[in-house]
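Asker: Here's a sequence, model it:
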Amino acid sequence: MNGAPATDVGAIARREFADGATVAEAFAEWTARLLQAAVDSRGEAAIAVSGGNTPKLYFAALSHKAIDWSRVTVTLADERRVADDNPRSNAKLARDLLLQNRAAEARFAPLADSRLSPERELAAAQARIADLPLPLDLVVLGMGEDGHTASWFPNGDLLATAMNPGGRALVLPMTAPDAPEPRLTLTARVILRARALALQIEGESKRAVLAKALGEGPATEMPIRTVLREAGDRLTIFEAA
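Answerer: I've put the predicted structure just below:
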């Protein structure tokens, strides 16, 4: 793998790269090995990915990797409750950039379905996640400037419930002052039980947020702290300057 050797912060592995293109390719290769190993071992694999600008190059690189994609299911860590063709839809981003090329053979399990009432939409999302081969083999997370991850936003209405690893729900709705649309998000029951987790960040501002999140303070203030504190050696951070 290109870039600096992995370093440990506690049990967390951090892999640092010079730029976004380099980290995207290395991260995609790492993901491909992990998913193919899961297919070889258990006959299938499942990955949850996140939206935003940061993973775009990673999605494009991963879509070309030689994985037995017909045995891989892709889902989302969270989603805005918008139509599939909305530019802010994480499902649209995944379909446009990841579920292409070799990865077009993967099964896709979205969260949102704007044709349904909120109650039926949530029930359908819960059923799709419950139907996956849990625990997930990999959850790919991002991080906002406010320290949110997935749709675990500071001041989110169901934040404490979503971050509770002992909770029963697999998916929860979320609204928050800093989230323009209502959301659906995987809960800690799904995210923190994954066989592996990865956090992708780019830029000095995000690295400063990460440094703060690694320090003291309540998890509700910076929800990414729940992942940093609970995932242990299952978490790898891929970061670029």
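
Asker: Poorly predicted segments of this structure, please.
Answerer: 1-10 (pLDDT under 70).

Asker: Show me which helix runs longest in it.
Answerer: helix 20-42 (DSSP state H).

Asker: For it, what is the distance to the chain centroid?
Answerer: 14 Å (CA atoms, centre = their mean, to the nearest Å).

Asker: Tell me the buried residues in that helix?
Answerer: By neighbour count on 16 or more other CB atoms under 10 Å, the buried set for helix 20-42 is 20, 23-28, 30-32, 34-36, 38-39. Just so you know, the C-beta spots here come from the backbone N, C-alpha and C atoms, and that holds for glycine as well.

Asker: and what of stretch 44-54?
Answerer: For stretch 44-54, by 16+ other CB under 10 Å, it's Glu44, Ala45, Ala46, Ile47, Ala48, Val49, Ser50, Gly51, Thr54.

Asker: same thing with stretch 109-116?
Answerer: Ala109, Pro110, Leu111, Ala112, Asp113.

Asker: Do I have it right that the fourth one meets Ala91?
Answerer: Just to be clear, that refers to Ala112. Yes: between Ala112 and Ala91 there is a contact under CB atoms under 8 Å: 6.8 Å.

Asker: so what sits against both of those two?
Answerer: Common neighbours of Ala112 and Ala91, counting by CB atoms under 8 Å, 6 or more residues apart in numbering, are Glu79, Asp84.

Asker: which residues in the chain form strands?
Answerer: 7-9, 12-17, 45-49, 72-76, 78-80, 107-109, 138-141, 171-174, 183-186, 197-202, 235-240 (DSSP state E).

Asker: the inter-axis angle of the last one versus strand 197-202?
Answerer: On the basis of axes from the mean of the first three to the mean of the last three CA atoms, to 10 degrees, strand 235-240 is oriented at 20 degrees to strand 197-202.
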